[in-house]
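S.K.: Kindly return the folded structure for what I paste below:
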Amino acid sequence: MKTVFTADYSVITFATSKVNYVKFALNCARSVLRSNEIKFYIVTDLRFDLPATLKKSVSIIEAKPEHLDQGTGIKLYIDQYLQTKHTLFIDADCLCYSSLQPAFDVFKGKNVSVVGNLVKAADWCGEEQASTIYKTFGITKLARFNGGVYYILKSTRSTKIFETVREIALDYDQLGFQRIHDNWINEEILISIAMALHKQSPVADNSILMTDLYTDQHTSKLNVLTGYREINNPEPGAALHRSWYPKGKLKPLIVHFGSANLYKYPYISQHFLLNLKAKNVHPRIATVLIMLLIHIPYKSKYWIFSKFNR
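M.R.: Next comes the predicted model:
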């Protein structure tokens, strides 16, 4: 059964400049719509035909030309693309594995929020940058989060928060913030500062809403067609353990694969599952095919490499 949302709710993502980003955005849309009857918007500057199966729920928003050279910094302008009262921004490099109702529920009453934890600024960005932030903004604590998901209420207050974000961005380099690939602005630290200035709090990062593959990089326990997902967070002390997540099996609603992993296993397994579903292959048959053709070969490769690299 799908969760049915009213016209006040939507999901939005960005896919600009490169055709591959559109492919990822369409995968994201398919994954969301598997469990949710909700409007999905793709902000893009590219021309493409929507697959027939997505035309009912997916709409295209033309990206503003002045935003196209921003790279990931286009997320500084999410507020200018909102179409509904309640919006969940999900990065195109994410896939959804279940109903989004718990996500909207946990953000209830907030204007702009994220999935994260309030920490000492130095614990996130280091002592030097934390000192600059304190001297400039009088802030000692920030929401540390992964920018794969944002919640935005369409409101005057949300607009003011993003206006603050863009004002801070004007001094990005002077404040000593690092650019992504020495080029693009990282919106996370800016949004975190603006949230603090406007008294906006994050929701607890407990792995229920979203996580990435840092703790379990080669998991085969993902099936975007059935909603099955299991990401292991190893015991404390292990190299890949993340202390802010519970140890053991994590089952997030949204998995953030990260742009560096979009051409790698296990994302490609999920990509082909979605493609097979689009070609009307039964999920059970698709699952078996992906197990035989992708999961087993890749897991075997990693097992062999681990034996020889000891």
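S.K.: Where does pLDDT dip in this structure?
M.R.: 309-310 (pLDDT under 70).
S.K.: what domains does the record give for it?
M.R.: Here the domain parsing of the chain from automatic domain parsing is 3-204, 210-308.
S.K.: Assess the claim that residue 94 and residue 255 are in contact.
M.R.: Yes. Residue 94 lies in contact with residue 255 (Cβ atoms under 8 Å); the separation is 6.5 Å. For the C-beta atoms, the positions are set from N, CA and C on the backbone; glycine is no exception.
S.K.: where do the strands sit along the stretch 51-200 of the chain?
M.R.: 58-62, 86-90, 94-96, 112-120, 141-153 (DSSP state E, counting those that start in this stretch).
S.K.: List phi and psi for residue 40.
M.R.: For residue 40, the backbone dihedrals (degrees, to the nearest 10) come out as phi -120, psi 130.
S.K.: Count the residues that sit near it.
M.R.: By other Cβ atoms under 10 Å, the residues close to residue 40 number 22.
S.K.: residues touching it, list them.
M.R.: For residue 40, the contacting residues are 10-13, 29, 32-33, 54, 57-59, by Cβ atoms under 8 Å, 6 or more residues apart in numbering.
S.K.: picking that back up, and the strands of the stretch 51-200 of the chain as CSV, adding distance to residue 163 and mean neighbour count?
M.R.: Below are those laid out as CSV (distance: least, Cβ to Cβ, whole Å; neighbours: other Cβ atoms under 10 Å):
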stretch, distance to residue 163, mean neighbour count
strand 58-62, 20, 15
strand 86-90, 17, 23
strand 94-96, 26, 26
strand 112-120, 11, 21
strand 141-153, 13, 22
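S.K.: Take the ones you listed and write them to TSV, including distance to residue 277.
M.R.: Below are the strands of the stretch 51-200 of the chain laid out as TSV (distance: least, Cβ to Cβ, whole Å):
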stretch	distance to residue 277
strand 58-62	15
strand 86-90	19
strand 94-96	13
strand 112-120	27
strand 141-153	23
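S.K.: Ok, which of these comes nearest residue 3?
M.R.: strand 94-96 (11.0 Å; Cβ to Cβ).
S.K.: tell me the SS of the closest residue to residue 42 other than its chain neighbours?
M.R.: Excluding the flanking residues, the one nearest residue 42 by Cβ to Cβ, 6 or more residues apart in numbering is residue 25, at 5.0 Å. Here residue 25 is recorded as helix under DSSP: H, G, I helix; E, B strand; the rest coil.
S.K.: Could you shift the numbering so residue one becomes 116, and keep it that way?
M.R.: New numbering, starting at 116: the last item is residue 140.
S.K.: Residue 140 contacts residue 159, correct?
M.R.: Yes. With contact defined as Cβ under 8 Å, residue 140 reaches residue 159; the gap is 7.5 Å.
S.K.: The two - which one has more neighbours?
M.R.: Between residue 140 and residue 159, counted using other Cβ under 10 Å, residue 140 has the larger neighbour count: 26 against 22.
S.K.: which ones are touching the more buried one?
M.R.: Taking Cβ under 8 Å, 6+ apart, one finds 128-130, 157, 159, 207 in contact with residue 140.
S.K.: ditto for residue 313
M.R.: Taking Cβ under 8 Å, 6+ apart as the test, what residue 313 contacts is 226-227, 272, 275-276, 279.
S.K.: So it versus residue 271, what's the distance?
M.R.: Separation of residue 313 from residue 271 (Cβ to Cβ, to the nearest Å): 12 Å.
S.K.: Any figure for the gap between the residue nearest to the spatial centre of the chain and residue 277?
M.R.: The centroid of the chain falls nearest to residue 263 when counting by Cα atoms, centre = their mean (2.2 Å). Distance, residue 263 to residue 277, using Cβ to Cβ: 18 Å.
S.K.: Repeat that for residue 136.
M.R.: Taken as Cβ to Cβ, the span from residue 136 to residue 277 is 22 Å.
S.K.: One more: residue 321?
M.R.: Here residue 321 is placed at a distance of 26 Å from residue 277 (Cβ to Cβ).
S.K.: More neighbours: these two, which one.
M.R.: residue 277 (22 against 14).
S.K.: Name the nearest residue to the more buried one, sequence neighbours excluded.
M.R.: Nearest residue to residue 277 in three dimensions, chain neighbours excluded: residue 194, at 4.1 Å (Cβ to Cβ, 6+ apart).
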